[in-house]
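K.L.:
Any chance you can model this:
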Amino acid sequence: MFKIKTPAIVAMSMAIGIVGGAGLTTVAQTQTKIIIKPAANDQPNMRSALDNLNAAMVYLDRAPNNKGGHKGKAQSLIKLAIAEVRAGIKFAQ
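P.N.:
Numbering: from 1, shown residues only. Predicted coordinates for the structure are as follows:
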């Protein structure tokens, strides 16, 4: 009879739990997006871009130092991109 050691069982259980949890999270997020953004003219791709730009700004704000000016330049460009995405959303409405 094949005997599996306890650490292997724990590792497999954790892997199954992580994969299963990730799948459920994806389904939940997809369902939430469908409920929140039902209108056809709601610009879901533009709104996703806006969400990602805002998230990028949060990560940059958390980053230490200015990285030789590159962090500040990136923040300026993200602010400009956010303004352009918002203008695009407004134009399409």
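K.L.:
can you map out the helices along this structure?
P.N.:
6-36, 44-62, 70-92 (DSSP state H).
K.L.:
can you list the residues that contact stretch 64-72?
P.N.:
L60, A63 (Cβ atoms under 8 Å, 6 or more residues apart in numbering). In short, each C-beta sits where N, CA and C put it, glycine included.
K.L.:
That stretch: which residues count as buried?
P.N.:
When neighbours are counted by 16 or more other Cβ atoms under 10 Å, no buried residue of stretch 64-72 is found.
K.L.:
Any idea how far apart the tips of it sit?
P.N.:
By Cα to Cα, to the nearest Å, the extent of stretch 64-72 from end to end equals 11 Å.
K.L.:
follow-up on the earlier one: which stretch in the helices of the chain has the least confidence?
P.N.:
Across the helices of the chain, helix 6-36 has the smallest mean pLDDT, namely a mean of 59.
K.L.:
Going by neighbour count, which residues in stretch 70-87 are buried?
P.N.:
Buried residues in stretch 70-87 (16+ other Cβ under 10 Å): A74, Q75, I78, A81, I82, V85.
K.L.:
nearest spatial neighbour of M57, skipping sequence neighbours?
P.N.:
Spatial nearest neighbour of M57, excluding adjacent residues (Cβ to Cβ, 6 or more residues apart in numbering): I78 at 5.2 Å.
K.L.:
no, scratch that, I was asking about L50
P.N.:
V85 (4.9 Å).
K.L.:
so what's that neighbour up against?
P.N.:
Contacts of V85 by Cβ under 8 Å, 6+ apart are M46, A49, L50, L53.
K.L.:
from these, which two are the most distant?
P.N.:
Spatially, the most separated pair among the contacts of V85 is M46 and L53, at 10.5 Å (Cβ to Cβ).
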